[in-house]
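**Student:** prediction below, plus the sequence it came from.
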Amino acid sequence: MKRIVITGMGAVTPVGIGTDAYWNSIIAGKSGIDTIKSFDPSGLAVQFAGEIKDFNPADYLEKDLVRKTDPFMQYAYIAAREALTQSGIEIEPSRTGIVMGTAMAGVAATAFAQEALTGAHKKVGPRFIPKILGNVAAANIAIDYNIQGPSFTVSTACSSGGDAINIACAYMQAGKADVMLAVGAESVLCPLVIESLANAKALSRRNDDPVTASRPFDISRDGFVIGEGGGALVLETEEHASARGAKILGVVAGCGNTCDAYHVTAPHPEGKGAIACIRQALADAGISPEDIGYVNAHGTATHKGDAVETSAIKEVFGDHLPYVSSTKGATGHMMGAGGITEVIACVKAIETGTVPPTINLNEIDPECAGIDFVPNTAKKAEIRFAMSNAFGFGGQNSSIIVSAYRPEV
């Protein structure tokens, strides 16, 4: 089996643009959740989210690219550029590929275009279709960086980002590429999505206190908070990265993917799919549960989701429970982007010996008791292996394990 290593990382998040800004903010316990500014939310049941703050795409992208892209594509592009720049890679077109993960692609653009359509069809712009297609986010990156190898767009709900990493690794293991760019991005903020999720009782309704509304594992949690953003990883075979003298940031040690096969929106009550996914990732990495020092939980702050994930972690890890935290308390639920940015948090936790906190966790739900969720303040710890979980609608489950890089003797 080839070792797959990480040589570049990029992040666009509600707590900062750029990997360093993102990491420093979540370690400091900063919240990126506030009242929605991109449109007037005053008539909605839920009026807050984890938006990208003070974002002007023209500060980052050429005018033509701004005109032809939706925000989720812009976040993907900016994160990818940061990752590619950090990696210092010279693209070999036919041996480099890309996998894009997004749960809902251009749903917000679709909703706003429909609102503007009042019978005069000519009001729909010619760029509408390319702006809503998930694969066009990857296409824009591929065009600008001359990436001609495997190209996929994955839509497995909230597991999309983690599954993008999994598929990218599989293609390099199969010898079909030496380098793969794994990207996840999401921007679904619009009345249509907010009202649907609010009516499904999935969202927190703390309009009077948005900053602390996302409360993973807390007894007072009342639903998740929508977030937006982008994340990217440059992945290479160890052989390729070493041959070019790349700085290796970490290793993708193992990947898991399963389906609950139970319900469209609810997790299996016994966490069977999540348990199987975590165990699959451990087996793929060739390690035991006690080797994991930190788990970045899916931890969305829904009642069922947090309780089931807790029971799944307890079932797998038994007497060797790792530190567990949910960075969604800070960022909100970034859906496809979260699967990548939360893996970045795992890489940084290993690198810095710091476990990011679960903010807004003041009283642990008894159903979640027994685990150190690192409430409100980061902790120092030596971490050898870290795991990121991402679980989504449809019973989709993704687990990614990363480790520090140590050259094999």
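**Tutor:** Sure, I can see it.

**Student:** what about Ala174, neighbour count?
**Tutor:** By other C-beta atoms under 10 Å, 10 other residues sit near Ala174. No exception for glycine: its C-beta is placed from N, CA and C like everyone else's.

**Student:** from Gly101, how far out is it?
**Tutor:** Ala174 sits 19 Å away from Gly101, going by C-beta to C-beta, to the nearest Å.

**Student:** Phe317 now?
**Tutor:** Taking C-beta to C-beta, one finds Phe317 at 26 Å from Gly101.

**Student:** between the two, which one's more packed in?
**Tutor:** The residue with more neighbours, out of Phe317 and Gly101, is Gly101; 38 against 19, by other C-beta under 10 Å.

**Student:** that one touches Ile340, doesn't it?
**Tutor:** Yes: contact criterion C-beta atoms under 8 Å: Gly101 and Ile340 qualify, at 7.2 Å.

**Student:** who touches both of these two?
**Tutor:** Listed contacts common to Gly101 and Ile340 are Gly161, Gly162, Ala164, Ala182, Val183, Gly184; contacts here mean C-beta atoms under 8 Å, 6 or more residues apart in numbering.

**Student:** what are the phi and psi values for the fourth one?
**Tutor:** Read that as Ala182. phi -100, psi 120 (degrees, to the nearest 10).

**Student:** show me what contacts it?
**Tutor:** Ile98, Val99, Gly101, Gly161, Ala164, Ile165, Ala168, Ala232, Leu233, Leu235, Ile340.

**Student:** now swap in the third one and tell me
**Tutor:** Under the criterion of C-beta under 8 Å, 6+ apart, the contact partners of Ala164 comprise Val99, Met100, Gly101, Phe152, Val154, Ala182, Val183, Gly184, Gly336, Gly339, Ile340.

**Student:** so what strands line up beside the host helix or strand of Ala390?
**Tutor:** Applying DSSP states H and E as the criterion places Ala390 in strand 385-392. Sheet pairing for strand 385-392, assigned by DSSP bridges, gives strand 292-296 (parallel), strand 396-403 (antiparallel).

**Student:** for the shared contacts of Gly101 and Ile340, which one is nearest Ala138?
**Tutor:** Using C-beta to C-beta, Val183 is the member of the shared contacts of Gly101 and Ile340 that sits closest to Ala138, with 6.8 Å.

**Student:** what about that closest one, which helix or strand?
**Tutor:** strand 179-186.

**Student:** what's the angle between that strand and strand 385-392?
**Tutor:** Angle of strand 179-186 versus strand 385-392, following axes from the mean of the first three to the mean of the last three C-alpha atoms, to 10 degrees, is 50 degrees.

**Student:** so who does the residue most central in space within the chain touch?
**Tutor:** Nearest to the geometric centre of the chain sits Gly338, at 1.6 Å (C-alpha atoms, centre = their mean). By C-beta under 8 Å, 6+ apart, the contact list for Gly338 reads Cys158, Gly161, Gly184, Glu186, Gly227, Gly229, Gly231, Lys328, Thr331, Ala390.

**Student:** so the fourth one bridges to which residues?
**Tutor:** When bridges are taken as DSSP bridges, the partners of Glu186 come out as Gly229.

**Student:** residue contacts, it?
**Tutor:** So Glu186 contacts 72, 75, 102-104, 227-230, 334-338 (C-beta under 8 Å, 6+ apart).

**Student:** can you read off the pLDDT for the residue nearest to Tyr262 when sequence neighbours are not counted?
**Tutor:** The shortest distance from Tyr262 to any non-neighbouring residue, by C-beta to C-beta, 6 or more residues apart in numbering, is to His268 (4.4 Å). pLDDT for His268: 97.
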